[in-house]
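1. quick check, what structure comes out for this input:
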Amino acid sequence: MSERLQRFRKLMAAFEGSSNPQHAIERGYYVDLPNNPMAGIARRVELRPSSVHLLLGGIGSGKTTQLLLAQEHLNQLEDFNAIYVDVSLHTDISELKQGSLVAIAGLEIIKLLDKINDLELDGDQEIIKAKTTIKKFAHGYREKREVDNPHYIGNLHKTSLLGDIHSPTRTEVFYDQGLLKKKEKKQSELIKSFILLAKIVFQYRGEITFVFDGLDRLNDTNIFINRILNDVNSLSESGIGVVIVGSILVAHIKEIENFANYLYYFSYLDTSENIEAQRFFMNILNLRDSDNSITSEAKEFLVIFSGGVLRDLMSLTQSAIEEAYVDGSDDVKLEHAEQAIASLSRSKFMGLTDANLETLQKVISQKTFIPRTPEELELLLTGHILEYSRHPRKYFAVHPVLVPLIQGHWCSLIKGEKRYGVRLR
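-> The predicted structure is shown next:
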């Protein structure tokens, strides 16, 4: 393998945005967010272990990394168990049923119990039954049951194609899919079993807080409110703390603040105006580009056109690296960043309706946006429109890679500084 190929593969790996954020932390790629709220969240959880914290924000805003760091901090405390769970790895989040989070939490509680070396607990029949109940609710089960035989005709000795007519009952196999599949069921037995096991963990291991990730990908706000937050309430009433993420759409639900002790919003960082945000993203690029293979001009361009979306910065940078390698260049230059941005621009433009384009044009020209319709909220969810925060207000902007395409000014894509009137400092 050539030295150049090795260097470019290393560079590509450093910007792998789809990899586990835990790996990025372990490799030393973490850069602290400006005005990071997670330190305050962790301290509030320390003080009120059974409190509920709802984190709302768009996909790619860096919430997962912050959740993992909060978990790491809490687990350094004595008698504290912070458990990180990506719900999307357990079940289809679009099919979540009420009780699903309790079932998932129950499976994690069982793991904690299994680590306790106590023969008395191991043989406790009530605990064994509770564990079995939680596993059944989560994963489903098969069992044989004796049911009435509809073909039974008493003591008459006849044969029948319909089955055994000589027995008043017959055996049938029943299959319950479990909550993590696609079936609603009553929760009382599940909750009772969970509380029993949780109390034992409290006694032996201390406080428990669940950190639920992955639910910012759930588009159905009714499922979030009526099922997920009901489960969160059940966990909290059991003495369990919960830190949970939600979609950007949840932030637009009336009186959402009533569903949690604490509500936080992770907005994107405006790299077109906010110098601190620009420095933050430049630090990310510099830390991962240890060999300085990406020119400063290319980095500035990538930062501005990422729109402050961390995931987009990663994918744009990888795309620029690929363009440079295919081009035969030894460095990632401005033209490679331009090609990457043009590609993302076309990708985001595909599938937009005339109504979408009209909405986007209004946001560009009027600099205001009040999302009311499902179509307008969808533009927020997909990152076509980005929500920023400048204390004390929020404001909206079209993703910068789309602005030149919508306006028809391709020259501004080549000269990003002219469009935004900003250079990174």
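2. where do the strands sit along the stretch 101-250 of the chain?
-> In the stretch 101-250 of the chain, the segments counted as strands under DSSP state E, counting those that start in this stretch are 141-148, 169-176, 207-213, 241-246.
3. rank these by pLDDT, which is bottom?
-> Ranked by mean pLDDT, those end with strand 169-176 at the bottom, a mean of 53.
4. walk me through the domains of the protein.
-> Domain assignment for the chain, taken from automatic domain parsing, gives 3-13+270-420, 35-115+191-266, 141-176.
5. make TSV out of these and add mean neighbour count.
-> The C-beta positions use only the backbone N, C-alpha and C, and glycine is treated the same way. Below are those laid out as TSV (neighbours: other C-beta atoms under 10 Å):
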stretch	mean neighbour count
domain 3-13+270-420	18
domain 35-115+191-266	19
domain 141-176	11
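6. so which of the ones you listed is nearest residue 21?
-> Among those, domain 35-115+191-266 comes nearest to residue 21, with 4.4 Å by C-beta to C-beta.
7. ends of that closest one, how far apart?
-> End-to-end distance of domain 35-115+191-266 (C-alpha to C-alpha, to the nearest Å): 11 Å.
8. tell me which helix or strand in the chain has the weakest average pLDDT.
-> helix 411-414 (a mean of 42; mean pLDDT, DSSP states H and E).
9. wait, doesn't residue 226 sit right on residue 98?
-> Yes: between residue 226 and residue 98 there is a contact at 7.3 Å, judged by C-beta atoms under 8 Å.
10. list the contacts of residue 66.
-> Shown in contact with residue 66 (C-beta atoms under 8 Å, 6 or more residues apart in numbering): 33, 36, 38, 266.
11. show me these that map onto strands.
-> residue 266 (DSSP state E).
12. ok, of the contacts of residue 66, which one's closest to residue 290?
-> Of all the contacts of residue 66, residue 33 has the smallest distance to residue 290: 21.5 Å, by C-beta to C-beta.
13. thought residue 279 was touching that closest one, still the case?
-> No: Residue 33 sits out of contact with residue 279 when judged by C-beta under 8 Å, with a separation of 11.6 Å.
14. contacts for the helix or strand encompassing residue 56 next, please.
-> Element membership for residue 56, per DSSP states H and E: strand 52-57. Residues from elsewhere that reach strand 52-57, judged by C-beta under 8 Å, 6+ apart: 41, 44-45, 63, 67, 216, 232-233, 236, 241-248, 250-251, 256, 259-267.
15. distance from whichever helix or strand comes after that strand to the middle of the chain?
-> Once strand 52-57 ends, the next helix or strand along the chain (criterion: DSSP H and E) is helix 63-75. Centroid displacement of helix 63-75 relative to its chain, using C-alpha atoms, centre = their mean, to the nearest Å, is 13 Å.
16. who are the neighbours in contact with the residue positioned nearest the centre of the chain?
-> Central residue of the chain (C-alpha atoms, centre = their mean): residue 214, 2.5 Å from the mean position. By C-beta under 8 Å, 6+ apart, residue 214 lies in contact with 86-89, 93, 245.
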